[in-house]
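In: quick one, fold the following:
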Amino acid sequence: MHSVADQQSGSETNTADAVPLSGHRPGAAESVRPAVVLGALGVVFGDIGTSPIYTFQTLFDPADPHPVPVTSDNVYGMVSLIFWSVMVIVTVTYVLLAMRADNNGEGGIMALITLLRRWTAPRGKRVAFGLAAVGIFGASLFFGDSMITPAISVLSAVEGLEVVRPGLHELVVPITAVIIVVLFLVQRHGTAVVGRMFGPVMVVWFAVIGLCGIGGITRHPQILRALSPTYALGYAAGHPATAFFALAAIVLAVTGAEALYADMGHFGRRAITRAWLWLVLPACALSYLGQGALILDDPANIRSPFFLLVPSWGRAGLVLLATAATVIASQAVITGAYSVASQAAQLGYLPRLRITHTSEHTIGQIYVPWINWMLMVSVLTLVFAFRSSSALAFAYGMADMGTITITTLLFFFVAHTRWNRPWWQLGLVAIPLLTVDLLFVAANLTKLVHGAWLPLLIGLTAFTVLITWQRGRRIVTAERLRHEGSLREFIESLHHDSSETTLVPGTAVFLNRGKETAPLALRANVEHNHVRHVYIVILSVETEPVPFVRHEDRVRVDYLGYSDDGISHISAHYGYMEAPDIPALLATVDTTALATADTAVPAEPIDFDQASFFLSKIDLRAGKKPTMPSWRKRLFIATSYVTADATEYFGLPYDRTVIMGARIEV
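Out: Down below sits the predicted model:
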């Protein structure tokens with residue numbers, strides 16, 4: 001079976017339910033300098049900002065199982081429903097409400113999960129577990145979104161070639177596939193350089209689609225009346241069936257809303273809010289209004305209203321700009337998938353993943369190879385299977401609305417537990433918002449057999465993997481406790497039977513889950529090799545439920561055993577968005593405080609530059625105990641294959657790292 005350095009004995013202790021150390025990433029986000037707003041435009045709004053390309057076209061698509069007839073009333077009603085759906089879900093739910101709930105500056109559904117686990121734990125484990133499970137399912141749906149977004153976004157942009165020259169139809173899928181392959185191949189180089197170009201490109205994008213929208217509005221200025229909420233409400237009341245089924249396409253206008261919240265830690269609430277209210281919302285609204293006016297002017301324009309807003313001489317340029325914008329939208333959601341997977345691993349829902357930080361200045365820019373290649377294969381499969389953005393649109397909204405609804409629900413639980421708001425007050429806002437969200441979910445369920453099953457299947461699969469890993473990890477931890485035994489008792493036996501153990505010069509660092517149990521590698525070294533080093537440091541890496549830990553809270557030192565044993569414990573604290581670097585951390589430890597002055601220990605300094613590092617490696621096997629169903633045991637063991645090498649993960653020197661194994665049955 002697979003041999004794996006255990007998630008914790010690679011020596012990470014998850015403390016998601018503990019009270020966090022204070023502090024978060026410096027500069028996380030209170031600045032509202034123009035450069036910060038520009039950066040937010042380049043990273044946060046790519047997905048929602050490219051929705052005008054395909055939303056209106058999908059609404060009136062004759063291939064839809066519930067198409068909206070092209071009539072004047074329907075056009076007014078759809079424009080009004082789109083605008084007010086965006087206002088309710090994005091502006092109210094996310095910008096005005098959800099972004100007020102942050103975990104030391106960080107947002108997103110994973111931040112809500114950690115907040116709820118911390119604040120609901122005293123109220124009962126069942127409540128905390130239930131809410132966390134709901135949140136994890138929402139995060140799982142995000143992986144479905146991460147697969148569908150690049151496929152539908154790039155497809156919709158390249159489909160603009162059909163408007164420029166209809167004969168290029170057969171090239172749409174191959175060109176899309178090439179762009180997607182290149183996009184994923186360059187991920188390992190990071191986005192530090194390209195990221196600086198994203199902001200200006202998106203500024204041009206929003207300016208262009210806004211101006212094109214104004215051009216469309218001039219053809220039929222009466223379309224501006226659709227900005228009144230009475231049109232949306234009146235249309236929904238007068239045409240309830242059409243309005244309900246249309247929600248499955250209108251949801252495309254709010255896809256990417258979760259990015260506003262998830263990327264809050266990078267740019268801050270105020271910067272994202274200003275970018276949304278000042279540029280993104282007006283530009284998108286103008287584009288939708290312009291497309292509506294264009295269709296009122298000539299219903300034949302429904303075949304591609306976004307690109308037909310531009311004169312024929314400018315359409316090729318718009319296709320290129322749209323392709324660049326959709327690549328940026330894809331980049332944002334791919335990076336989001338890296339972040340969600342990294343945070344899930346830090347919180348114990350995934351095995352330790354190999355993570356590469358691609359920027360010396362921006363800690364949030366990471367590359368996760370396993371996630372990258374999995375996404376690339378998945379996205380290409382979707383492109384070749386669905387072959388058009390309209391076909392993918394049926395599947396797209398389900399993942400987003402599932403995540404949005406769960407985020408809304410969790411936010412109000414946070415508002416109740418963290419801010420002590422009474423339920424009757426929260427209900428006045430929560431009930432209308434959740435009603436809107438659930439209507440969208442219900443509408444998307446009508447597309448279940450047409451593709452909406454796909455994100456649900458992806459989400460359920462990811463959710464099963466996440467909770468199975470967490471459950472299996474707990475079983476392995478309990479079994480390890482039995483094998484390791486008490487560290488205190490081990491040190492006492494080591495002290496009293498010191499004559500049976502040979503003392504060798506140097507420093508040994510044993511990575512362990514904490515200071516309660518003896519590291520398996522240390523126990524094996526003493527019991528089988530009958531040797532120990534002059535200085536023994538037991539090191540545990542603890543992941544706090546905060547994104548970043550302050551430098552002064554990074555290291556804690558405890559002295560173990562007797563004064564002349566030379567044994568000590570160091571706990572290293574990291575936020576769930578930080579990558580542990582053990583050698584760099586040990587370089588900051590005051591070694592004179594660790595070295596004992598007792599004559600029983602040779603008077604030599606502790607030299608971490610020459611220290612030996614010991615890891616305990618676990619060989620997992622499916623046992624006969626009824627801890628989990630056999631299929632979940634096999635899934636847990638299979639998932640362990642993606643575990644990153646502990647030596648690389650913790651930045652340990654290969655030439656001074658010793659790995660000692662043990663076998664544990666799940």
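
In: mean confidence for stretch 456-474?
Out: Stretch 456-474 shows a mean pLDDT of 91 in the predicted model.

In: what residues sit buried inside that stretch?
Out: 456, 458-459, 462-463, 465-470, 472-473 (16 or more other C-beta atoms under 10 Å). (Glycine included, C-beta is placed from N, CA and C.)

In: low pLDDT regions in the stretch 201-350 of the chain?
Out: Along the stretch 201-350 of the chain, the model assigns pLDDT under 70 to residues 265-266.

In: and the next helix or strand past the lengthiest helix in the chain?
Out: Assignment by DSSP state H gives helix 125-158 as the longest helix of the chain. Per DSSP states H and E, the first helix or strand lying C-terminal to helix 125-158 is helix 160-164.

In: that next one: how far from the chain's middle?
Out: On the basis of C-alpha atoms, centre = their mean, to the nearest Å, helix 160-164 sits 34 Å off its chain's mean C-alpha point.

In: would you mark the buried spots in that helix?
Out: With burial defined by 16+ other C-beta under 10 Å, the residues of helix 160-164 counted as buried are 160, 161, 162, 163.

In: residue 588 belongs to a strand?
Out: No - Residue 588 sits outside any strand when classified using DSSP: H, G, I helix; E, B strand; the rest coil, being coil.

In: give the contact list for it.
Out: Residues counted as contacts of residue 588 (C-beta atoms under 8 Å, 6 or more residues apart in numbering) are 554, 555.

In: which phi and psi does it have?
Out: When read as degrees, to the nearest 10, the backbone of residue 588 gives phi -90, psi 0.

In: name the next helix or strand downstream of the longest strand seen in the chain, please.
Out: The longest strand of the chain (DSSP state E) is strand 531-544. Following strand 531-544 in sequence order, the next helix or strand is strand 555-559 (DSSP H and E).

In: which stretches in the protein count as strands?
Out: Going by DSSP E, the chain shows strands at 3-4, 12-14, 356-357, 366-367, 502-511, 531-544, 555-559, 567-575, 612-621, 657-665.

In: list just the nearest of the buried residues of helix 160-164 to residue 409.
Out: If you rank the buried residues of helix 160-164 by distance to residue 409 using C-beta to C-beta, residue 160 comes first, at 37.7 Å.

In: can you get me a residue count around residue 88?
Out: Counted by other C-beta atoms under 10 Å, the residues lying close to residue 88 total 17.

In: hang on, it packs against residue 436?
Out: Yes - in this structure residue 88 lies within contact range of residue 436 using C-beta atoms under 8 Å: 5.5 Å.

In: what's the angle between the longest strand of the chain and strand 555-559?
Out: Here strand 531-544 runs at an angle of 140 degrees relative to strand 555-559 (axes from the mean of the first three to the mean of the last three C-alpha atoms, to 10 degrees).

In: strand partners of strand 531-544, parallel vs antiparallel please.
Out: strand 12-14 (parallel), strand 502-511 (parallel), strand 567-575 (parallel) (DSSP bridges).

In: in it, what's buried?
Out: 532-544.

In: next one: stretch 435-445
Out: 436, 437, 439, 440, 441, 443, 444.

In: what sits against the fifth one?
Out: It stands for residue 441. Going by C-beta under 8 Å, 6+ apart, the list of residues near residue 441 reads 398, 401, 402, 405.

In: for residue 621, see how far away residue 664 is.
Out: 7 Å (C-beta to C-beta, to the nearest Å).

In: compare the two (neighbour count), which wins?
Out: residue 664 (20 against 13).

In: pLDDT value on that one, please?
Out: For residue 664, pLDDT reads 78.

In: right, and it touches residue 622 too?
Out: No - with contact defined as C-beta under 8 Å, residue 664 does not count as touching residue 622 (10.9 Å).

In: okay, the strands paired with strand 531-544 in a markdown table with mean pLDDT next?
Out: A markdown table is the format used below for the strands paired with strand 531-544 (pLDDT from 0 to 100):
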| stretch | mean pLDDT |
| --- | --- |
| strand 12-14 | 42 |
| strand 502-511 | 87 |
| strand 567-575 | 86 |
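
In: how about those, which one is nearest residue 256?
Out: Among those, strand 567-575 comes nearest to residue 256, with 25.8 Å by C-beta to C-beta.

In: pull the distance from that closest one to the chain's centre.
Out: 27 Å.

In: and if you look at stretch 513-526?
Out: Worked out by C-alpha atoms, centre = their mean, stretch 513-526 lies 34 Å from the chain centre.

In: what of stretch 646-658?
Out: 27 Å.

In: how long is that stretch end to end?
Out: End-to-end distance of stretch 646-658 (C-alpha to C-alpha, to the nearest Å): 11 Å.

In: can you pull the buried residues of that stretch?
Out: Applying 16+ other C-beta under 10 Å to stretch 646-658 flags 646, 647, 649, 650, 652, 656, 657 as buried.

In: how is the protein partitioned into domains?
Out: As given by automatic domain parsing, the domain ranges for the chain are 37-470, 486-665.

In: can I get the ones you listed in JSON lines with distance to residue 479?
Out: Output for those, formatted as JSON lines (distance: least, C-beta to C-beta, whole Å):
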{"stretch": "domain 37-470", "distance to residue 479": "15"}
{"stretch": "domain 486-665", "distance to residue 479": "5"}
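
In: so which of these comes closest to residue 478?
Out: Of all the domains of the chain, domain 486-665 sits nearest to residue 478, with 9.0 Å by C-beta to C-beta.

In: helices of the stretch 401-550 of the chain, start to end?
Out: 423-445, 453-484, 487-496, 520-529 (DSSP state H, counting those that start in this stretch).

In: need the residue closest to the centroid of the protein.
Out: residue 340 (2.2 Å; C-alpha atoms, centre = their mean).

In: what residues does that one make contact with?
Out: 108, 110, 139, 142, 143, 262 are the contacts of residue 340 under C-beta under 8 Å, 6+ apart.

In: quick check: closest non-adjacent residue to the fifth one.
Out: It refers to residue 143. residue 462 (4.7 Å; C-beta to C-beta, 6 or more residues apart in numbering).

In: enumerate every residue touching that neighbour.
Out: Taking C-beta under 8 Å, 6+ apart, we find residue 462 in contact with 140, 141, 143, 144.

In: likewise for residue 207?
Out: For residue 207, the contact set (C-beta under 8 Å, 6+ apart) comprises residue 283.

In: thinking again about what came up before, right, and out of the contacts of residue 340, which lies closest to residue 117?
Out: Using C-beta to C-beta, these come closest to residue 117 at residue 110, 10.7 Å.

In: what number of residues lie near that closest one?
Out: 28.

In: then residue 135?
Out: Other residues close to residue 135 by other C-beta under 10 Å number 25.

In: any idea of the pLDDT on it?
Out: pLDDT, read off for residue 135, is 84.

In: OK, contacts around the nearest residue to it once chain neighbours are set aside?
Out: The shortest distance from residue 135 to any non-neighbouring residue, by C-beta to C-beta, 6+ apart, is to residue 113 (3.9 Å). Residue 113 is in contact with 131, 132, 135, 136, 139, 347, 410, counting by C-beta under 8 Å, 6+ apart.

In: how near is residue 113 to residue 387?
Out: 36 Å.

In: tell me the pLDDT of the residue nearest to residue 135.
Out: Residue 113 is given a pLDDT of 81.

In: re the thing from before, closest one to residue 329 among the helices of the stretch 401-550 of the chain?
Out: Taking the helices of the stretch 401-550 of the chain one by one with C-beta to C-beta, helix 453-484 is closest: 16.9 Å.

In: next, the angle from that closest one to helix 423-445.
Out: 120 degrees.

In: for helix 453-484, the distance to its chain's centre please.
Out: 18 Å.

In: surely residue 521 touches residue 616?
Out: Yes - if you go by C-beta under 8 Å, residue 521 and residue 616 touch, sitting 4.7 Å apart.
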